[in-house]
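>>> Build me a model from this:
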Amino acid sequence: MKKTVTKAIFPVAGLGTRFLPATKSIPKEILCLVDKPLIQYAIDEARDAGIEEFIFVTSRGKGALEDYFDGAPQLEQALRAKNKSKLLDTLMKSTMDSGEIAYVRQREALGLGHAVWCARRLIGDEPFAVILTDDVIASERPVLQQMVEAHEKTGGNIVAAMEVAPSKASAYGLLDINEDMGSLVSVKGMVEKPEPEDAPSNLAVIGRYILTPEIMQNLDTQERGAGGEIQLTDAIAKEISNSDNVFGFRFEGTRYDCGSKAGFLQATVAFGLARGDLSQEFLDYLIETVECRRAAQ
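Residues are numbered from 1 along each chain as shown. Down below sits the predicted model:
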């Protein structure tokens, strides 16, 4: 009997150095696309997928991230008094109930695999999701929900995958495909950041995973991989040879790499244009700006 995925790990211990000086005192995960922090996009997606337990792997200096999910009684009271019900609803979505969220410390930056392993005692023998907040995905149906539905049919391990240009192969982990079944592909190997000529396919792994508890057992060995770090992809690759139960999932949606400045700006434009209360004014500004730049050239 397949177990339902109700737990998700959010590795949020990174220093966010690409966004200095903003991240000197503010966790990167609280940086906003329009008016919503990156972490809120991830939480909303997880909730829509049926996640009930939210496990954050943090590090020193992430106190503001933890505070973000606390209640704000004074602010709530002020909004109620002024009958600002829409703002109050928005505020309440950022508040987590007692016992709904847990925090685990990663003492050393030893890689994504190590961050996931830090949450092992809270996972137990259940399948679990991993969500990387840098990857924000615009989609009609939340990507994790798409993956949970696929997992109910296949079981095993599922990694979100998207097609990338050969020139960008060296920036991703790529899947070596055994059988292509449309939205799902069975995987016979994973190659971390290959040169374009060595890429086994154009399907790249991005920051959404549904994993079996055996992944934690594989991470127990603390084996170092690329960059001297404990790599999650290495632990997943072991399951290909051990159980042949790893699948890639072509999701429906557009992914933005908000771990990079260019990707963050692209996402800001996309989400701004998608907002009915902002789109026309914002679009007019963008058109005017582009026209001014063209005239100046």
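>>> which one's the longest helix in the protein?
Secondary structure of the chain per DSSP state H: the longest helix is helix 279-296.
>>> what does it rub up against?
Helix 279-296 has contacts (CB atoms under 8 Å, 6 or more residues apart in numbering) with V269, G272, L273, R275. Heads up, the C-betas are built off the backbone N, CA and C, glycines and all.
>>> got it, and stretch 159-171?
With CB under 8 Å, 6+ apart as the test, stretch 159-171 has contacts from 143, 147, 172, 174-175, 185, 187, 193-196, 199, 202-209, 236, 246-251, 255.
>>> Out of those residues, list just those in strands.
Residues from the contacts of stretch 159-171 lying in strands, with DSSP state E as the criterion: 174-175, 185, 187, 203-209, 246-250, 255.
>>> low pLDDT regions in the stretch 151-297 of the chain?
Within the stretch 151-297 of the chain, the segments meeting pLDDT under 70 span 226-227.
>>> Give me the distance from stretch 187-207 to the chain's centre.
Remark: stretch 187-207 is offset 19 Å from the chain centroid, using CA atoms, centre = their mean, to the nearest Å.
>>> which residues sit against that stretch?
The contact list for stretch 187-207 (CB under 8 Å, 6+ apart) reads 130-135, 159-178, 185, 225-226, 231, 233, 236-237, 240, 246-248, 250, 255.
>>> give me that answer again for 6 Å
Stretch 187-207 has contacts (CB atoms under 6 Å, 6 or more residues apart in numbering) with 132, 135, 159-164, 166, 169-170, 172-178, 226, 233, 237, 246, 248, 255.
>>> cool, and stretch 239-255?
With CB under 6 Å, 6+ apart as the test, stretch 239-255 has contacts from 135, 137-139, 143, 146-147, 150, 154, 156-162, 175, 183-187, 203, 206, 236.
>>> ditto for stretch 264-275
Residues from elsewhere that reach stretch 264-275 (CB under 6 Å, 6+ apart): L33, V34, V136, Y256, C258, L278, S279, F282.
>>> Buried ones among the residues you listed?
Neighbour counting by 16 or more other CB atoms under 10 Å classes L33, V136, Y256, C258, F282 among the contacts of stretch 264-275 as buried.
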